[in-house]
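**Q** Need coordinates for the below:
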Amino acid sequence: MTAAARLLRTPSFRAWAPALLLAACWNASAQDVPGYPASIDAYDPREVAMLPPYCKYTQIFREKVPGGSDPEQGQRWKAVLGPTFEAMHHYCWGLMKTNRGVLLARNEAVRMAYLNYSIEEFDWVIQRAPEDFVLLPEVLSKKGENLIRLGRGPLGIFSLERAVQLKPDYWPPYAHMSDYYRKTGDTAKAREVLEQGLSFSPDAPALKRRLAELDTGKARAKTSP
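**A** I've put the predicted structure just below:
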């Protein structure tokens, strides 16, 4: 057996294989998004325009994005969001990578690469944010949504459940969990999650619509031969 073959059989190599494969896909794709710069570090105005307004005042962004160096706005957002604002440039990078993966990528390798790297950015904020950080449920929800997109549903659900524990009346994680359960065929769990969300946010249109779709599907099943 060759040295290369022995390496392929080692537990350590098998443990790192997914990451190595991702790196290979990333390099092969050259981060290619046709019509856009090779990297988000270019801060293309079209991509920046899709971000929350506070992003251009965060670290790094304020040095690269026109208008971001306004000290009054920077201080205002820091007062609103607290000390964790100093880490929020990573969340903004995570959103840019998410947008590239979901909206701009033209092939699966590029899509998967951007979504995977968005998780690292979200984790940077999550690891540094206190439990009462106002945007923590949103960051957790974005992470959970992307983990589901990456085929890592159970981990995604864990992140989404933490989001609703922190802010029960924040409806997006309920929607993402319901969509996941519905796609996996567990309509009872999908309904349970939606009803839970509506108990805290009774006027959330996205949850009402999903519940109505489940009801419609149930009615059709009863009337089908």
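**Q** Could you look up the next helix or strand downstream of the lowest-mean-pLDDT helix or strand in the chain?
**A** Scoring the helices and strands of the chain by mean pLDDT, DSSP states H and E places helix 11-29 at the bottom, with a mean of 46. Going down the chain from helix 11-29, the next helix or strand is helix 45-48, by DSSP states H and E.
**Q** quick one: that next one to chain centroid distance?
**A** Between the centre of helix 45-48 and the centre of its chain there are 18 Å (Cα atoms, centre = their mean, to the nearest Å).
**Q** Which parts of that helix count as buried, going by neighbours?
**A** Across helix 45-48, burial judged by 16 or more other Cβ atoms under 10 Å covers 47-48. (Glycine included, C-beta is placed from N, CA and C.)
**Q** I'd like to know how far the residue sitting nearest the centre point of the chain sits from residue 36.
**A** Residue closest to the average C-alpha location in the chain (Cα atoms, centre = their mean): residue 142, at 3.1 Å. Between residue 142 and residue 36 the distance is 21 Å, computed by Cβ to Cβ, to the nearest Å.
**Q** do the same with residue 160
**A** Separation of residue 160 from residue 36 (Cβ to Cβ): 30 Å.
**Q** average model confidence for stretch 193-207?
**A** Taken as a whole, stretch 193-207 has a mean pLDDT of 98.
**Q** and if you look at stretch 141-149?
**A** Here stretch 141-149 scores 98 as its mean pLDDT.
**Q** got the CA coordinates for that stretch in CSV?
**A** Extracted C-alpha coordinates of stretch 141-149, given in CSV (Å, rounded to 0.1, in the frame of the first residue of the first chain):
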residue,chain,number,x,y,z
SER,A,141,-31.6,32.7,12.8
LYS,A,142,-29.4,33.6,9.8
LYS,A,143,-26.9,30.9,10.9
GLY,A,144,-29.6,28.3,11.3
GLU,A,145,-31.1,29.1,7.9
ASN,A,146,-27.8,28.7,6.2
LEU,A,147,-27.0,25.5,8.1
ILE,A,148,-30.3,24.1,6.7
ARG,A,149,-29.3,25.2,3.2
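**Q** just use 750 as the starting number from now, easier for me
**A** Right, with 750 as the first residue, what we last looked at is stretch 890-898.
**Q** who touches that stretch?
**A** Contact with stretch 890-898 is made by 840, 843-844, 847, 850-851, 864, 867-868, 871-872, 875, 902, 904-909, 912, 919, 921-922, 925-926, 928-929, as judged by Cβ atoms under 8 Å, 6 or more residues apart in numbering.
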